[in-house]
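Undergrad: what's the 3D shape of this:
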Amino acid sequence: MELNQRIVLQMPLHELWSNCRVASTKKIRSLSADDITDILRLGKTRFVIAKIGEYLKWTPLDESYGFWKSEVKMRVVNPEAEGFYLEHFPEDYCYIAEEWEADEGERIILLMMSH
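TA: Down below sits the predicted model:
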């Protein structure tokens with residue numbers, strides 16, 4: 001299957017891909033909302049959303065901070081939580097966040113959507 005036609009079939013993921021290449025094969029760590037704030041302060045960060053049955057959705061680098069503030073910040077599950085309830089998050093969905101290794105000095109934050 002061509003990478004540009006590949007959809008998310010299961011989570012957790014073992015690699016991240018874009019239209020034409022595998023973008024990363026190494027998860028670094030699970031993230032809290034505070035961890036993501038710290039990473040964004042370091043510079044070039046790209047979010048990617050994984051949702052079962054859909055293509056990976058990559059945010060443009062220049063939209064990362066606005067996306068964080070308006071969409072992600074209030075929906076990140078604490079990685080130390082033993083569980084979570086969707087109704088505790090706006091619009092009944094949330095993200096489990098992970099930092100992944102990236103090429104070219106970019107940071108990748110994978111957001112696995114639960115809804």
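
Undergrad: how about the helices in this structure?
TA: For the chain, applying DSSP state H gives helices covering 33-41, 64-67.

Undergrad: pLDDT below threshold where in the chain?
TA: 1-4, 105 (pLDDT under 70).

Undergrad: strands along that one, start to end?
TA: Assigned by DSSP state E, the chain shows strands spanning 16-17, 22-24, 27-31, 45-50, 57-58, 94-100, 107-114.

Undergrad: out of those strands, which is closest to A81?
TA: strand 94-100 (9.8 Å; C-beta to C-beta). Heads up, the C-betas are built off the backbone N, CA and C, glycines and all.

Undergrad: could you dump the strands of the chain to JSON lines with mean neighbour count?
TA: Below are those laid out as JSON lines (neighbours: other C-beta atoms under 10 Å):
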{"stretch": "strand 16-17", "mean neighbour count": "20"}
{"stretch": "strand 22-24", "mean neighbour count": "17"}
{"stretch": "strand 27-31", "mean neighbour count": "16"}
{"stretch": "strand 45-50", "mean neighbour count": "21"}
{"stretch": "strand 57-58", "mean neighbour count": "14"}
{"stretch": "strand 94-100", "mean neighbour count": "22"}
{"stretch": "strand 107-114", "mean neighbour count": "21"}
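
Undergrad: output those as a markdown table; include the columns distance to Q10.
TA: Formatted as a markdown table, the strands of the chain follow (distance: least, C-beta to C-beta, whole Å):
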| stretch | distance to Q10 |
| --- | --- |
| strand 16-17 | 14 |
| strand 22-24 | 17 |
| strand 27-31 | 15 |
| strand 45-50 | 10 |
| strand 57-58 | 17 |
| strand 94-100 | 14 |
| strand 107-114 | 11 |
